[in-house]
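*Asks:* Structure here, sequence nowhere to be found:
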């Protein structure tokens, strides 16, 4: 069973910073991509940042220059460093992995439970 557990969300004033972490565990054969999504109330879930297996990074236009995604392979952790936060960044943030397990050998999309980020103006 593969699990993703996010942490680091909270309440922050506009202009402040937060760092999110996602620890993944379980029997994973390979990882194709890892990233962060967010969903604000009444809105669709949207991509925030993504790391592909080749090392390329993708960011939503609204967070470019403010958010940074990174990984720590030794700790099975994905990070999202967020700075200069704005009220429109308020959302539940979800960790996402595209993985292959030895049992299935097919690409599976895995999600964490989400962590709330609230930016007060």
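*Replies:* In hand now; what should we look at? The shown structure was predicted, so the numbers you read here are calculated from the model rather than taken from an experiment.

*Asks:* use CA for all of it now, contacts and neighbours both
*Replies:* OK.

*Asks:* Return the residues in contact with the nearest residue to residue 41 once chain neighbours are set aside.
*Replies:* Of all residues not flanking residue 41 in the chain, residue 91 sits nearest, at 7.1 Å (C-alpha to C-alpha, 6 or more residues apart in numbering). The contact partners of residue 91, taken as C-alpha atoms under 8 Å, 6 or more residues apart in numbering, are 38-41, 116-118.

*Asks:* Distance of residue 91 relative to residue 10?
*Replies:* Between residue 91 and residue 10 the distance is 10 Å, computed by C-alpha to C-alpha, to the nearest Å.

*Asks:* Give me the secondary structure label for the residue of the chain most remote from its centre.
*Replies:* For the chain, the residue at maximal distance from the C-alpha centroid (C-alpha atoms, centre = their mean) is residue 103, at 25.1 Å. Using DSSP: H, G, I helix; E, B strand; the rest coil, the structure places residue 103 in coil.

*Asks:* Stretch 105-114: which residues count as buried?
*Replies:* 111-112, 114 (16 or more other C-alpha atoms under 10 Å).

*Asks:* So what touches it?
*Replies:* Under C-alpha under 8 Å, 6+ apart, the answer for stretch 105-114 is 2-6, 22, 29, 92-101.

*Asks:* Let's see the ChimeraX selection covering just the buried ones among those residues.
*Replies:* Remark: buried members of the contacts of stretch 105-114, expressed as a ChimeraX selection using 16+ other C-alpha under 10 Å:
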select :4,5,6,22,92,93,94,95,96,97,98,99,100,101
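
*Asks:* Can you pick out the ones from the contacts of stretch 105-114 that are in strands?
*Replies:* Judged by DSSP state E, the contacts of stretch 105-114 include 3-6, 22, 92-100 as members of strands.

*Asks:* Excluding chain neighbours, what is closest to the spatially most central residue of the chain?
*Replies:* Of all residues in the chain, the one closest to the mean position by C-alpha atoms, centre = their mean is residue 36, 2.4 Å from it. Nearest in space to residue 36, with sequence neighbours left out and distances taken as C-alpha to C-alpha, 6+ apart, is residue 95 at 4.7 Å.
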